[in-house]
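Student: Please find the sequence and the predicted model below.
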Amino acid sequence: MTNAAAELESLEGEIRLCTRCDLHTVANKAVPGEGPADAEVMLVGEAPGFNEDKQGRPFVGAAGRFLEELLGAAGLKREEVYITNVVKHRPPNNRDPLPNELAACLPWLERQIEIINPRFIVTLGRFSLGTFFPGSMISKVHGEVREKDGRFFFAMYHPAAALHQEKLRQTLLEDAGKLGEFLREKAKPTGQADKPETANGAGEDDSPEQLSFF
Ligand code: SF4
């Protein structure tokens, strides 16, 4: 096991014992995240749902199956990406995470990013997007690449939101295709790839902002 893998495993153990906010008192199991410690791509969702809370794994059940379909459309396999959420315990009845819960849980995500050091972070849903780009609207920036602090960020809607909305489902599949194109472009040998800012038409409101937690 590499140092990073051991560190990540130890961190996941700490997350399982976390009591920093009240969510641990109502959730069944913590869902720290899963995937290789050397993943190039990290997916960050919102919070565990019913099935995730039962199993202690991120994105299982219907949303998980759709996520795997999206990964396939992007040319990725589930086992090669790291998948986590901004909040590691399930909020009751899947309500939105509260500001104090998001703040309490953020240091765990920061540590995961530090250890894994992914080149690409895919945000799933508005809470994840807001963690990295406060004030950004998902309806405006989904499907776009932004570069910040030496990483590429790609915003997508949350897969669970699309389960009963065919239009959103199509949007997500199209965005996953764009993500795949971008990843393939970035996989080219140095010198052949586009600069980060030009990829996929990042919009005017994409000016780099400092991550408050880095
Ligand atoms: S949601 Fe996050 S901060 Fe709150 S108890 Fe769970 S791991 Fe800790």
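Tutor: Thanks, I have the structure now. Residues are numbered from 1 along each chain as shown.
Student: Could I get the buried residue list for the top helix by length along the chain?
Tutor: Criterion DSSP state H: the longest helix present in the chain is helix 166-186. Buried positions in helix 166-186, judged by neighbour count with 16 or more other C-beta atoms under 10 Å: 168-169, 171-173, 175-176, 178-180, 182-183, 186. C-beta coordinates here come from the backbone N, C-alpha and C atoms, glycine included.
Student: Check stretch 20-32 too.
Tutor: 20, 21, 23, 24, 27, 29, 30, 31, 32.
Student: and these as a markdown table, adding pLDDT and distance to the ligand?
Tutor: As requested, those are exported to a markdown table (pLDDT from 0 to 100; distance: C-beta to the nearest ligand atom, whole Å):
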| residue | pLDDT | distance to the ligand |
| --- | --- | --- |
| 20 | 98 | 4 |
| 21 | 98 | 3 |
| 23 | 98 | 4 |
| 24 | 98 | 4 |
| 27 | 98 | 7 |
| 29 | 97 | 10 |
| 30 | 98 | 6 |
| 31 | 98 | 9 |
| 32 | 98 | 8 |
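Student: re the thing from before, point out the least confident one among the buried residues of helix 166-186.
Tutor: Checked by pLDDT, those have residue 186 as the lowest-scoring entry (86).
Student: Quickly note the distance from it to the ligand.
Tutor: Using C-beta to the nearest ligand atom, to the nearest Å, residue 186 is found at 31 Å from the ligand.
Student: Point out where this structure drops to low pLDDT.
Tutor: The chain contains residues with pLDDT under 70 at 189-214.
Student: Start and end of stretch 68-81, how far apart?
Tutor: Stretch 68-81 has its terminal residues 11 Å apart, counting by C-alpha to C-alpha, to the nearest Å.
Student: tell me which residues of that stretch are tucked away?
Tutor: Counting neighbours by 16+ other C-beta under 10 Å, one finds that the buried residues in stretch 68-81 are 70, 71, 73, 74, 76, 81.
Student: again, but for stretch 140-147
Tutor: 141, 142, 143, 144, 145, 146, 147.
Student: rewinding a little: closest to residue 96 among the buried residues of helix 166-186?
Tutor: Within the buried residues of helix 166-186, the smallest distance to residue 96 is 17.9 Å, found for residue 168 (C-beta to C-beta).
Student: hang on, that closest one packs against residue 156?
Tutor: No: contact criterion C-beta atoms under 8 Å: residue 168 and residue 156 do not qualify, at 10.5 Å.
Student: what helix or strand does the most centrally placed residue in the chain sit in?
Tutor: Centroid-nearest residue in the chain: residue 44, 1.4 Å away (criterion: C-alpha atoms, centre = their mean). Using DSSP states H and E, the element containing residue 44 is strand 41-45.
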